[in-house]
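Asker: Next comes the sequence, and after it the predicted model I'd like to discuss.
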Amino acid sequence: MTEVNAIEKSPSMVKNLIELTKPRLSVVVVFSSIAGYFLGADDYDWKVILMLIVGGYFLVGSSNVFNQIIEKDLDALMKRTQNRPLPTGRISVSAALMYGFMMALSGIYILYLINFATAFFGALSIVLYALVYTPLKTRTPLCVFVGAFPGAIPYMLGWVAASGSFGIEPGTLFMLQFFWQFPHFWAIGWMLKDDYKAGGFKMLPTGDADKGTAVQIILYTIWTIAISLIPAFGITGSLYMTWISAVLVGALGLWFLYYAIKLFKERTNQVARKLMLVSVSYITLIQIIYVVDKFLR
């Protein structure tokens, strides 16, 4: 009777496979790709949008699967991750590996149907995330710098899907999301520092949740805000933003910076968590403002 109850309470295989892809994170990443597409496209092809959604989710999902395969034993040491499918044995490593490769190859092929550049950058993001960033997490705080490259690709990937080429416009989108990731991930590293320490991860720039880390969070937040306003000056090609939108973007930046400074002053996990949530809201709202601004001009 106990075994039957255990089976009934255990997640289904489908739920386990979905969990491996980190669906909430994957959806956020795909959203940024779609925002980039609407910014870069003159005519909107819903077939391309669908392929970008499906192919993008497969690529992000496969990167998360490979990440969890590599970190399976370390995930078992942390409270936040010890109940994932791989540490608990609900899915075997071999099954997860096959699942990851199937999604990766399918995702690359779907993006290739859009154009070669989109497939290339998509494949590059998997390699950088799984084979470079993930192994570095237990070796050096520079892992966040390396991880910011694949993390910044999705936003500009949408523009590349729309245009078929890389230029100053997707480059600006890339830089915005690149610099944003530092305060975002350091806020996460701050509030989860004990968990990360148990797993042997080195996520904070100074190695600890201290004043030095807080200063770097402020500096990278300022860089992020500065880059977010560049399109208002008409120097980023067809990526342009009106001054009305620039005021809104600037106001969001001050909101972001306020919590970065607050973390410097108080240095608590509660403020770090608030900063993390604000950072997610910030980048999402920035992407929405950019797109709405284009449609209203």
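Answerer: Noted; the coordinates are in hand. Residues are numbered from 1 along each chain as shown.

Asker: How many residues are close by residue 95?
Answerer: 16 (other CB atoms under 10 Å). No exception for glycine: its C-beta is placed from N, CA and C like everyone else's.

Asker: Let me fix that, I meant to ask about residue 60.
Answerer: Count around residue 60 with other CB under 10 Å applied: 28.

Asker: I'd guessed it sits against residue 24; true?
Answerer: No: using CB atoms under 8 Å, residue 60 is not in contact with residue 24, being 11.1 Å away.

Asker: List the neighbours of stretch 192-199 that are in contact with it.
Answerer: 71, 74-75, 77-81, 138, 189, 202-204, 208-209 (CB atoms under 8 Å, 6 or more residues apart in numbering).

Asker: Could you turn the buried ones of those into a ChimeraX selection?
Answerer: This is the ChimeraX syntax for the buried subset of the contacts of stretch 192-199, where burial follows 16 or more other CB atoms under 10 Å:
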select :71,74,75,77,78,81,138,189,202,203,204,209
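
Asker: What is the nearest of the contacts of stretch 192-199 to residue 252?
Answerer: Comparing the contacts of stretch 192-199 against residue 252 with CB to CB places residue 189 closest, at 22.8 Å.

Asker: So which residues of the stretch 151-297 of the chain form helices?
Answerer: Secondary structure of the stretch 151-297 of the chain (DSSP state H, counting those that start in this stretch): helices located at 168-191, 193-199, 211-229, 243-266, 269-296.

Asker: Including distance to residue 147 and mean pLDDT, could these go into JSON lines?
Answerer: As requested, the helices of the stretch 151-297 of the chain are exported to JSON lines (distance: least, CB to CB, whole Å; pLDDT from 0 to 100):
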{"stretch": "helix 168-191", "distance to residue 147": "7", "mean pLDDT": "96"}
{"stretch": "helix 193-199", "distance to residue 147": "14", "mean pLDDT": "90"}
{"stretch": "helix 211-229", "distance to residue 147": "14", "mean pLDDT": "97"}
{"stretch": "helix 243-266", "distance to residue 147": "20", "mean pLDDT": "97"}
{"stretch": "helix 269-296", "distance to residue 147": "15", "mean pLDDT": "95"}
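
Asker: among the ones you listed, which is the most enclosed?
Answerer: Mean neighbours per residue, mean count of other CB atoms under 10 Å, is largest over the helices of the stretch 151-297 of the chain for helix 168-191, with a mean of 23.

Asker: now it against helix 211-229, angle please.
Answerer: When axes from the mean of the first three to the mean of the last three CA atoms, to 10 degrees is applied, the directions of helix 168-191 and helix 211-229 differ by 150 degrees.

Asker: now for helix 168-191, which elements pack on it?
Answerer: Judged by 3 or more CB pairs under 8 Å, 6 or more residues apart in numbering; DSSP states H and E, helix 168-191 is in contact with helix 23-40, helix 143-163, helix 211-229, helix 243-266, helix 269-296.

Asker: Ok, which of those comes nearest residue 132?
Answerer: Nearest of these (CB to CB): helix 143-163, 5.5 Å.

Asker: and that closest one, what other elements does it pack with?
Answerer: helix 23-40, helix 46-70, helix 116-127, helix 134-136, helix 168-191.

Asker: which ones are touching the residue nearest to residue 255 when sequence neighbours are not counted?
Answerer: Spatial nearest neighbour of residue 255, excluding adjacent residues (CB to CB, 6 or more residues apart in numbering): residue 278 at 6.5 Å. By CB under 8 Å, 6+ apart, the residues touching residue 278 are 255, 256, 259.

Asker: can we see that at 10 Å?
Answerer: 183, 184, 187, 252, 255, 256, 257, 258, 259, 260, 262 (CB atoms under 10 Å, 6 or more residues apart in numbering).

Asker: Including distance to residue 42, could the residues you listed go into TSV?
Answerer: Putting the contacts of residue 278 into TSV (distance: CB to CB, whole Å) gives the following:
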residue	distance to residue 42
183	34
184	31
187	37
252	27
255	33
256	31
257	35
258	38
259	37
260	37
262	42
